[in-house]
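Q: below is the structure, and that's it, no one-letter string:
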């Protein structure tokens, strides 16, 4: 069984040179572009990643935050799992929140000078 032959392709119409010329994009002379005076610098686009966060706001910037966090920033550190567990147990024994104990330790450290 042989495959049927495809019909021949129709002849292509000649290109319309005027249409190509009208749609062409002007390319500046690279030498003239290199020696021309540079354009005035535009203001850099604002990046939402570089904006300084306002203290006391949530990540979405709504301004709604817990009163206990107003005017404070988060401080993250890496500690061994065992030390974290021990700190949490000690805080529970003392009946105090961990952040309260850590703030007290920071205050003591800074007062030492």
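A: That came through, no problem. Note that this is a predicted model, so its numbers are computed, not measured.

Q: so where's this structure uncertain?
A: Counting by pLDDT under 70, the chain has low-confidence residues at 1, 39, 44-64, 113.

Q: give me that answer again for 90
A: Scanning the chain for pLDDT under 90 picks out the ranges 1-72, 113.

Q: okay, now residue 99: neighbour count?
A: 14 (other C-beta atoms under 10 Å). Just so you know, the C-beta spots here come from the backbone N, C-alpha and C atoms, and that holds for glycine as well.

Q: for residue 101, same thing?
A: For residue 101, the neighbour count with other C-beta under 10 Å is 15.

Q: check residue 19 too.
A: Residue 19 has 9 nearby residues by other C-beta under 10 Å.

Q: which is the next helix or strand following the helix or strand where it lies?
A: Under the criterion of DSSP states H and E, residue 19 resides in helix 17-23. The helix or strand immediately downstream of helix 17-23 is helix 30-35, counting by DSSP H and E.

Q: report the buried residues of the helix or strand just after that following helix.
A: Following helix 30-35 in sequence order, the next helix or strand is helix 81-94 (DSSP H and E). Going by neighbour count (16 or more other C-beta atoms under 10 Å), the buried part of helix 81-94 is residue 91.

Q: now for helix 81-94, which elements pack on it?
A: Other helices and strands packing on helix 81-94, by 3 or more C-beta pairs under 8 Å, 6 or more residues apart in numbering; DSSP states H and E, are helix 98-112.

Q: specify the angle between the helix it packs on and helix 81-94 in degrees.
A: 100 degrees (axes from the mean of the first three to the mean of the last three C-alpha atoms, to 10 degrees).

Q: quick one on the thing from earlier: what about the helix holding residue 19, distance to the chain center?
A: Relative to the centre of its chain, helix 17-23 is centred 43 Å away, using C-alpha atoms, centre = their mean, to the nearest Å.

Q: next one: stretch 6-13
A: On C-alpha atoms, centre = their mean, the centre of stretch 6-13 falls 53 Å from that of its chain.

Q: if anything else comes up later, I'll come back, but that's it for now.
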